[in-house]
Structure formats: C-alpha cells, structure tokens
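K.L.:
Need coordinates for the below:
(chains A, B, C and D)
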4 protein chains.
Amino acid sequence: MSAKLRGVIPPVVTPLTEDRRLDVASFERSINRMIEAGVDGLFFLGSSGEVVFSTDARREEILTEAVRITAGRVPVLAGVIDTQTSRVIEHIAMAERLGVDGVVATAPFYALGGPAEIERHFRALREATQLPIYAYDIPVCVHTKLPVSLLVRLGQDGVLDGVKDSSGDDVSFRFLALANKKAGSPLSLLTGHEVVVDGAYLAGADGSVPGLANIDPEGYVRQWRAFEAGDWEAVRTEQDRLAELMRITQVTTGAVGFGAGVGAFKAALMLLGVFESNQMPEPVAKLDGDNLEAIKQVLAEAGLL
Amino acid sequence: MSAKLRGVIPPVVTPLTEDRRLDVASFERSINRMIEAGVDGLFFLGSSGEVVFSTDARREEILTEAVRITAGRVPVLAGVIDTQTSRVIEHIAMAERLGVDGVVATAPFYALGGPAEIERHFRALREATQLPIYAYDIPVCVHTKLPVSLLVRLGQDGVLDGVKDSSGDDVSFRFLALANKKAGSPLSLLTGHEVVVDGAYLAGADGSVPGLANIDPEGYVRQWRAFEAGDWEAVRTEQDRLAELMRITQVTTGAVGFGAGVGAFKAALMLLGVFESNQMPEPVAKLDGDNLEAIKQVLAEAGLL
Amino acid sequence: MSAKLRGVIPPVVTPLTEDRRLDVASFERSINRMIEAGVDGLFFLGSSGEVVFSTDARREEILTEAVRITAGRVPVLAGVIDTQTSRVIEHIAMAERLGVDGVVATAPFYALGGPAEIERHFRALREATQLPIYAYDIPVCVHTKLPVSLLVRLGQDGVLDGVKDSSGDDVSFRFLALANKKAGSPLSLLTGHEVVVDGAYLAGADGSVPGLANIDPEGYVRQWRAFEAGDWEAVRTEQDRLAELMRITQVTTGAVGFGAGVGAFKAALMLLGVFESNQMPEPVAKLDGDNLEAIKQVLAEAGLL
Amino acid sequence: MSAKLRGVIPPVVTPLTEDRRLDVASFERSINRMIEAGVDGLFFLGSSGEVVFSTDARREEILTEAVRITAGRVPVLAGVIDTQTSRVIEHIAMAERLGVDGVVATAPFYALGGPAEIERHFRALREATQLPIYAYDIPVCVHTKLPVSLLVRLGQDGVLDGVKDSSGDDVSFRFLALANKKAGSPLSLLTGHEVVVDGAYLAGADGSVPGLANIDPEGYVRQWRAFEAGDWEAVRTEQDRLAELMRITQVTTGAVGFGAGVGAFKAALMLLGVFESNQMPEPVAKLDGDNLEAIKQVLAEAGLL
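P.N.:
Here you go, the predicted model:
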C-alpha cells in the first residue's frame, strides 16, 4: 500500500448467526462477491461493520477471517474505533499483528475535547504504527467535525494517509479536496456517502467507501470505471440507480439509526442469498415481517431479485 | 413565471450607506451587473439580503427599488421570512402589492413545532396568495429540516412551486431530486450552496442561488451554460475556481457567521467598486483593516482585481 | 419600577376567539384573576404569550389592552422579541409609547452571530430606550446561550436590569446568581422554569416567570411567600404540587412543542372557565377530544376542578 | 448493598504518574481522605475517573486497587462504560470478579439508536449480572437523554437500582423524582451536578456524585448532613461556597472539556498535596504555568490552602 488508495472500498457488513456468532460462511460469500465484482479494497470493522458492537475477541475474529479470506487480492483496511488514544492504540497493535494494510481511526469521543486533543490523538497513533492511517470523519457518531486545515497539515506531516469522509458536509469536502490538491495531494480522499458518490468524484474524491456496495458492488465498480473514463452521464445515471436502491433503508417502519440502515443491508443480503441470517448485534432488533417485504420490493424494482 | 424557474438566481446582497440607509446607487450598480452577466432571476431579501435585519419599512424600500431597477428583465423573487404564519402572510401581501414574481418562505421558527405545523404553515401561505411559493430549507437558521416527502406532496398539491435548498445535506437533496422527478417534477429545485453547485446539477437541480454570484456572476452563468451543454469538465473546473474565490469568507479573523460570510461579500463588492461601503446592519460590525487586505488578496488571485 | 423587580411575574397567555381575534373578555378575566391572586407583575408577549405568532397590529392590541386592564396595579413587562436589532427597537418604541414598565428582549436570532453581536445588540437597545431591559435567555428558541460574564457586565454597565432565565441550565444559573451578587446585584434574576422554581430560589433567584401561574397563580404566590418567610419545606411541597399540575403538558398525544405546552395551558384555562376558547394561532392546532379529557383529569387530581 | 444507596458518593479522579502509570500512592491518599471525610460510597471509573481513556488492563488495575484500598469501608461502584451491550457486559464481568458493589452504565453510544435499543441494552445488562445497576444519564457524552418513563419502568421491573443524573436538565430530574416516588421509589436518584446539589436535594435526590468532592469532600458531607437535619440555609450556604470553589474549572485559559474540568481537579489535588502529579491521559495536556496559579488562587480564597 505504498501507492495511494483509490477506487471502491466497501465497508464490509458483518454477518451473524441467529445466536450471534460470526457467520464465517456468509462472510466469505460476501467478501468473494465484492472482490469478484472488482472492488479496489475492503474496509472491515467500520461503523456498518458493527465495530462498536463487537468485543475485542470478536474484532480479532473478524480481522483474522478477513485477512484469510481476502488473501491479498485487495488491500484490507481495519477500523480501530474506540473512545480515546490508548484504547485505539491497542486496536492498532492487534490489527497490525493480524496483517492488515491500513487502519481507520475517528476523532476521540465520549469525553469532550477540542482541536488540540484531536491533533495529539492522531500524532500519538502515528507514533504507534507504521501502517497507513486514515482519519474517519463521522460527526454523527463522534460529534466532532475534523477541520480541513488540520487534516491537510497531518497529511503533509506524514501522520495521515487519507480521510474517509462520512461528515455529510459536501461544502467542507470540496474545501478539503482543494486544500489537499494545493498541498500536493498527500491524502487519499474517500467518500462514505453512497448516494452522492458522483458529486464527490466531481469534487475530487479518490474513491468511495459505500455501505450499499455490499448489496450492489457491481454498480459502484461500474460507476468508478465510468468516472475513470470521464463519462459523467454514466456516473450520474449509475448514481441515480444506486440512490433508488438505497431506499431499502427508508421503506421500513419502527427501526431507526443503525437498526434501519445496517438492518436493511443485512436484510437485503439475506434476501439476495448472500447472508444466512439478518441477525443484528445486541441491543438492536433485526428487521422482519412487512419490513422484509418492503425491502424485497425495492430489490425487485432495482432488478436485483 | 408560469414556466418553471431554472438557471442562476443570485440572492442579492443589500448595500448600506455608512449611516445604514439603503444605498440605492450601489444597489442599482450591483443588480445591473448581475443581469448583464446573464443571470436568470434575482432573489431579494434572502438570508444574505439581510431580510431579518431589515424593518418592514426597509423591506418595502428594498423590494420597491428591486422591482424598479430590475424592470422586468428577469423574474424577481422576494424573501418573506418571519417567525410564524400570520407575520409571513403580511410580508407576502406587501411583496405581492409591490409586483414581485414569487415569494420564498422558510419553515416557522422560534416557537417549537413539528411536521404538522410546517405543513399547515405552507398551506396557509398558499391560501393567502396566487404567487409562486418557494420553500426555503435552511436548518442552520430555523433549526428544522424540511422533510423530502412533505416537500414533494406540497409540490404535487400545488402549494409549493419550488425549493431553495440551503440545508447542507446533499444526501437529502439527492433523494428530493429523485422523488420530485418520480412525481412529475412539480418543484423547481435550486441549491444555495455556492461551492458545490456542480454536484447539485449532477443530482438534478434546476438551478442555483449562490450568494457568491454577487461577486462573480459571470462565473456562475458560464457554469450554468456549460451544464446546459453537457460539458461536465467545464462545470467542475468553473466550480473549483469559484470555490477558491469563496475563501474570501474564510481568510478573515474575528468575524463569525453572518459577519464573516455576508461581511466578506460586502467587502469584496466594495473592493470591486460595486458597493460604496461595506457597512453592515446592527448588531454586526463591518470588516476592516487586515481583513480587507486578506479578501483583496483572494480577489487578486482569482483575477477579479 | 426604580426598585428591583421581585416575586411572581407570570408570562400571560393570550386568549383567542375561534376566528383568531384577541378575546378581550377572557384576557381581562385572566389578568384580573392573577392580580387578585397576588402576583407581583405581568409579562405580556412572552414566548407563551404567542409573541412570534402575532402581527405588529396584534402586538399593539395586546399591549394596549394589557396596560388598560392592569391599570397600574402591578408592573407590566412587554416582550419585544424579533430577529435582529432594528426590528426589536421598533417593538420597544411601540411598547414605550403604550406605557409599559419594562421590556424583555432575546439574543438576536435566525442569522448566525457570536458574543460580540449579542453585546452590541443589547447596547443598541439600551441607547434606544429609558425603560428597564430584561435579557431573555431562551436557547431552545434562539439557539444561543447568554454568557454569564456578559450578562453581569451589562448589568454593571446599566444596560440590563435583569434576566429572565429559560435556559434550562441550572448550573449556569447558579454561577450567574453568584457572579451577580459579587457585582453588587445589578440584575434582577427571574427563572422561567415552573417546575424547579424552588431550586432557583435556593440558588438566589429574585423571582419567577412561570407559565403555569396562568393556571394556578395562587400556588406560585403561596410559594413565593413561603420563600420570603424562609419556610423551605413549604416552598418545596408547593413546588411538588405544581410540578404535578404541569403534567397537563405531558398527558396529551400528537401535539408537540408550543402546541403541547401553550396548547395545554389554553385548554386548562378553558376548562377552568377563564378562557372562552382554547383556539391557537396558525399554524398550530388546538387540543381537543381525548386530550382535553386527559388535561381535565390532571386538573381534577390537583383539586382545581 | 441491599439497602438503597444514599448520601455523597464521589466519582474518584484517577492519579497518574508523569509517565502515565497509575499512581497508587496518590490514589490511596485520595481515597482515604474522602472516606475519612465521611463519604457514603465511592464511584470509580466514571467520566471524571477517565474510564474512556483507560485500557481494559488499566481499568482492571484501577478497580483492583480501589477495592483493596476501600476495604469494605464504603460501597464501591464501578463505571462499565463502553459503546454497546456486548462490550459493557465484559466490563461488568470484570467488575463483578473484582468484587465491586454495583455498576454504572450509560445508554449505548457511537452507533445511532432509539428508546427501544436503550431498553434492550439495560435489560441485557440485567441478565448478565446480579449486581445493582445504576443508569448513568449523561447526554453531553452519549448524546441521548434517558427518558423519565423508561427509567421508572426499568426501576419497577428490577432492572435498574438507581440513576446517576448528569443530564444538566433539572426540569426532567424533578419529573423523574416525582414519578419515582409515585412508583414506590424503586430508584436511588443521585445528582452529578456539583454546583446545584442543593436544588437536587430539594427536588428529591437520594444523594450526590460530585466530582468536586475529590477536592473538598468535607464540604459535601457537611451539606448532606445539613440536608438530613432539614437545615436548608446551611445546605444552600455550603452549596454557594462549593460553587465558588468550582471556579477552578473556569479560571484557566486554553483548555476545554475534560482537560479544563478534570484537568483542574487534578491540578487542585496536586496543589493540595494529595496527588504527586497532575498528569493527564493522552491525548489531553495537563494544566501548567499561569493556569496552576489561577487555580491556586481559587483554592486560597476558599480557605483550602
């Protein structure tokens, strides 16, 4: 991974058995399906990979299987998400030991801090590993927005190798892209917003980390290749189609947040025959009944069923 | 204005004299400059038009001059922004009497409400006027996000003619564009985010309402024409240039919010010779000293000075 | 009103007829009922007095009737709530002309600003009137918290005469009370949180502005007199009783925000025979059906029916 | 701990050596000082006990020493704070093994959820342990407010034994106290807001968890005893004194959040000779220079130096 990370790098959804063990067979099926579709990397233990629902033992199991199954076919990124520096460093040590190709870390959370704490945090992570480090900008979860100027400075200083942007702030992302370019493009910029990947490419993104690519990896790969070919009409047409598919997260009732979002991803993967079960980690209930029917309908309209 | 509103419709910045009267000469210069650059409409009394800083008498003066100066060359939209329904209806009555072509209204604010109140609000406005009504989605000011499904339903019911989106939520905007299209495109969708207009066009926007077009109207008009011609590379290149210019709102120190944003617009317009003064409405201080120098530098780099 | 404002000063709820005119007879009944119960002042056109739902003409009508009915028996405060300085100054001029004894103003809202704008705002109001000015700290509506140090400084400088605290932040209120005392108590400190008035008195409040006192003025007057007598057990017992009564705002379904809060106040006043109707200003629906029954039940349990 | 928890239960600040090991000698000094002052319990690994900065090994070390030093003189509560259910259950298992008397858990955080997830979470914790469970309501850290009705229901169902309220919402706390009493007082209600403990006692709190009690345990014990004796004037006078002392968290410059709050506690404990060092966990900088002088000044004014 000396080269800059580019392309489609799905955040891999974690399949569970009904009794909430890791479902290795489904995991393997899903990973292979994405690699065969042509993705450029895989990101395990992201927010939608249920990292914060997983014990350390489960995290180790997930990464172990991920590295084994991926088998070097594409780079493996690992989320090392935890509240504060010392805990994150432990996750990094484990990920490094298990052979991943890069780690993804958020700003510190739970305890209140400011920009100074964020900067010290990432610099401390850098001292703890040689692996590429990607900053994960996800204010909806950590309640802090990573400042553009800090990110670019950390890129120039060799602390960060890239940014996974799930900030929902396309204005800030544009300024980040411009500032990064001016600084010699030290950062690989990846967007996590699956329904506006086309806008992010237009703004200068180096790639995408779309959760929905677990469901339709081929769509995002086609979109990336159209972008590489400069065919913007194909990029946006594919995006419109994928945005329609994203309605699986909106057609259910009762569920909210992770339960509605990742819940719909798991349901769709089960309906597509990729996952054995759509079980969710405690304390989240899995979708069932009419909600499964509603998701099935969207999949059918998208031609996936 | 029976046809759907499309293209570049700048929200017009309001020039003040040093003693805070309306500077009619500067206003005329700025309006003519934008019309001559080829804009497709003008939006007066928007957030950046200092609507909430203006007394009713000042609002009347601004609209009177706006209609007189514009003289039918392009459609005139008027912000009718106030806290709750009855007050907004009074502003609509005035705007209608003064001859504007459409009005722009936000969700109710200050008092807390929910979706039911928002829906009753817009329906009550519809009963009060025959003018086209545009919903102004600006949660940073009113602290409510207009729901996609409500907007489309109000479009289908003939209550709303369009949406000016300043929500900062490109994911929601994409879903709005898709839902509007499915419903037969009753709404004209306009983006207010000047640095990501290209992404909004890609998502299906019918036009833009960029504050920065007060400074560089020709840039946004060129971008719109490139979009109409399907030349996406030109659209994005123009956008990158304009995003660089938007740094006038970021290079100052001390000012925040309206004072930093509209403050920079007024300073730039003064430096460009369009405005006589960069005076701000109370309680906001105008930019001066080093801040003016910093803005001048950005204008110079953009080739505008 | 040269003396410091102290005691119970209810924010007066505004009765409407079914067709949304000011119901003067009900207004008179309610005002007289509160004065006869022994309140120490009346605050018209507060948030619960539907100030932001009222046109300027309606505001003038309310204040005119308020001054006429009150007839000097207690001081009259008037809310002068609007978005920014110049608009607030117009409301102050009207209130002054109509003969009120003091005005209540919030931080600027809608447009974004910072502490500098808040300070300039209140200083500009001070230059516009000789009347006592009370700062209304209500972040849930204006989305800015007034800083303790600024309030005390403005008190010492003669800009502010007091603070009506509806911030929901009892920690900050305690620090305000301590800092005000150290500064020689320039500010009259009034709490707007009707269910924790006892805690505010303990913290050093000079009085209260409880919306619920429209329903049970005698309770809040008894509580104040117990506080003056140093009988804390009576203060808290009365508070617990009043907090139970406040459940009228919680036992309904469907309504939210202003519609649930002031909606319940109006419903209770109608059920008590003080108001003719519980009509609400557009765009808010009035409570009816089962919701009225639920409120009646709470009133009965409290011995008010 | 079959009896209900009552009184003063400080959240114990964790002393570090300069190289960030646990400073056991300082820890012992501080714990003994608080027990000798008469506190009714000790809460380890709370937010101010740097739980989210501590690795699992460090958490184990802290609890091991805490149980050893406390030696049964007062009950020991342990924070088991982590993102989601399965991780929290692991912390509970460790705490139970180490011999604590109760555990304190927040709502799930990082991943987005709703009331259903919160309820399932606490019920799952209840199935995992026989220990008393206290819900920690701290929206500033977890960005969810625990609903009153849910807390009381979980109390009635034997899921929760109490609530540590750090919500900053005294109105909600009053409703919680009333609802708990009506339900037969299943919950022990403890306030975490050190400057308004008097108001919480008035509202019906069973005790307090004041971080500032690390600095002045005797003050909070005196206050509790005055409350037990019904001497409200003494309760509030002590509170005013303690609120003045709390200014140690406000007189510094540069630090924010945890660094300003717990940073000031550690600095004060060092200045009082209780802690060897005021070292902070990464990524937080310790206070020094003028900031230490400012804190010393407050301590001197409070008569503690």
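K.L.:
From now on I want contacts and neighbour counts done on CA atoms only, so please keep to that.
P.N.:
Fine.
K.L.:
Alongside chain D, which residues does chain A contribute?
P.N.:
Residues of chain A lying near chain D by CA under 8 Å from any CA of the partner chain: A:47, A:52-55, A:83-87, A:90, A:109-114, A:117-118, A:120-121, A:124, A:141-142, A:256-259, A:282-285.
K.L.:
Just the buried subset of those residues, please.
P.N.:
A:47, A:52-55, A:83-87, A:90, A:109-114, A:117-118, A:120-121, A:124, A:141-142, A:256, A:258-259, A:282-285 (16 or more other CA atoms under 10 Å in any protein chain shown).
K.L.:
where along the stretch 51-200 of chain A do the strands fall?
P.N.:
A:76-79, A:102-106, A:133-137, A:162-165, A:188-191 (DSSP state E, counting those that start in this stretch).
K.L.:
what helix or strand does whatever residue of the stretch 151-300 of chain A ends up closest to chain C sit in?
P.N.:
The minimum distance from the stretch 151-300 of chain A to chain C, using CA to the nearest CA, falls at A:Gly254 (17.1 Å). According to DSSP states H and E, A:Gly254 maps onto no helix or strand at all.
K.L.:
What pLDDT does the model give it?
P.N.:
Note on A:Gly254: pLDDT of 96.
K.L.:
Likewise for the one 10 residues further on?
P.N.:
The model reports A:Ala264 with a pLDDT of 98.
K.L.:
Which residues are in contact with it?
P.N.:
If you count contacts by CA atoms under 8 Å, 6 or more residues apart in numbering or on different chains, A:Ala264 has them with A:248-249, A:287, A:295.
K.L.:
buried set for stretch A:125-133?
P.N.:
Buried, per 16+ other CA under 10 Å, within stretch A:125-133: A:125-126, A:131-133.
K.L.:
Not counting its neighbours along the chain, what's nearest A:Arg236?
P.N.:
Take A:Arg236 and drop its neighbours on the chain: the residue closest to it by CA to CA, 6 or more residues apart in numbering or on different chains is A:Asp198, 6.0 Å away.
K.L.:
cool, A:Ala107 as well?
P.N.:
Using CA to CA, 6+ apart, the closest residue to A:Ala107 is A:Ile118 (5.8 Å).
K.L.:
Same question for A:Asp101.
P.N.:
A:Val76 (5.2 Å).
K.L.:
Quickly list what the one you found is bridged to.
P.N.:
Beta-bridge pairing of A:Val76 under DSSP bridges involves A:Leu42.
K.L.:
close enough to count as contact, it and A:Leu98?
P.N.:
No - look at A:Val76 against A:Leu98 with CA atoms under 8 Å: they stay out of range, at 10.7 Å.
K.L.:
Find the residues that touch each one of the two.
P.N.:
A:Val67.
K.L.:
more neighbours, these two?
P.N.:
Using other CA atoms under 10 Å in any protein chain shown as the criterion, A:Val76 and A:Leu98 rank with A:Val76 on top: 23 against 17.
K.L.:
contacting residues for A:Pro186?
P.N.:
With CA under 8 Å, 6+ apart, A:Pro186 has these contacts: A:152, A:155-156, A:158, A:161-162, A:180.
K.L.:
Would you mind trimming these to those in range of chain C?
P.N.:
Within the contacts of A:Pro186, nothing lies near chain C by CA under 8 Å from any CA.
K.L.:
among those residues, which ones are buried?
P.N.:
Neighbour-count burial (16+ other CA under 10 Å) applied to those gives A:152, A:155-156, A:161-162, A:180.
K.L.:
so where do the helices sit in the stretch 51-200 of chain A?
P.N.:
Using DSSP state H, counting those that start in this stretch, the helices of the stretch 51-200 of chain A run over A:56-70, A:85-98, A:115-128, A:139-142, A:148-156, A:170-182, A:197-203.
K.L.:
go on, the stretch 201-305 of chain A?
P.N.:
A:217-228, A:232-245, A:257-271, A:290-301.
K.L.:
how about TSV for those, with distance to C:Leu304 added?
P.N.:
Formatted as TSV, these follow (distance: least, CA to CA, whole Å):
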stretch	distance to C:Leu304
helix A:217-228	65
helix A:232-245	56
helix A:257-271	43
helix A:290-301	47
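K.L.:
For C:Val221, which of those is the nearest?
P.N.:
helix A:257-271 (46.4 Å; CA to CA).
K.L.:
could you give the angle of the closest one to helix A:290-301?
P.N.:
With axes from the mean of the first three to the mean of the last three CA atoms, to 10 degrees as the basis, helix A:257-271 and helix A:290-301 are set at 60 degrees to each other.
K.L.:
Flag the shaky bits of chain A, pLDDT-wise.
P.N.:
A:1-2 (pLDDT under 70).
K.L.:
give me that answer again for 50
P.N.:
For chain A, applying pLDDT under 50 flags the ranges A:1.
K.L.:
contacting residues for the residue positioned nearest the centre of it?
P.N.:
For chain A, the residue nearest the mean C-alpha position is A:Pro11 (3.3 Å; CA atoms, centre = their mean). Shown in contact with A:Pro11 (CA under 8 Å, 6+ apart): A:42-46, A:48-49, A:209-211, A:214.
K.L.:
Phi first, then psi, for it.
P.N.:
phi -80, psi 120 (degrees, to the nearest 10).
K.L.:
Please name the bridge partners of it.
P.N.:
A:Phe43.
K.L.:
Spell out which residues of the stretch 201-305 of chain A are next to chain B.
P.N.:
So the stretch 201-305 of chain A meets chain B at A:202-203, A:232, A:236, A:240, A:243-244 (CA under 8 Å from any CA).
K.L.:
Just send those residues back as a markdown table, with neighbour count and distance to B:Ser188 too.
P.N.:
Output for these, formatted as a markdown table (neighbours: other CA atoms under 10 Å in any protein chain shown; distance: CA to CA, whole Å):
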| residue | neighbour count | distance to B:Ser188 |
| --- | --- | --- |
| A:Leu202 | 23 | 23 |
| A:Ala203 | 25 | 24 |
| A:Trp232 | 21 | 23 |
| A:Arg236 | 22 | 19 |
| A:Asp240 | 22 | 18 |
| A:Ala243 | 20 | 20 |
| A:Glu244 | 19 | 20 |
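K.L.:
isn't the residue nearest to A:Arg236 right next to A:Thr237, touching?
P.N.:
No - judged on CA under 8 Å, A:Asp198 makes no contact with A:Thr237 at a distance of 9.3 Å.
K.L.:
Those two: who's more crowded?
P.N.:
A direct count of neighbours by other CA under 10 Å for A:Asp198 and A:Thr237 places A:Asp198 higher, at 29 against 15.
K.L.:
How about the contacts made by the more buried one?
P.N.:
Per CA under 8 Å, 6+ apart, neighbours of A:Asp198: A:235-236, A:239, B:199, B:202.
K.L.:
and if we set it to 7 Å?
P.N.:
With contact set as CA atoms under 7 Å, 6 or more residues apart in numbering or on different chains, A:Asp198 has these partners: A:235-236, A:239.
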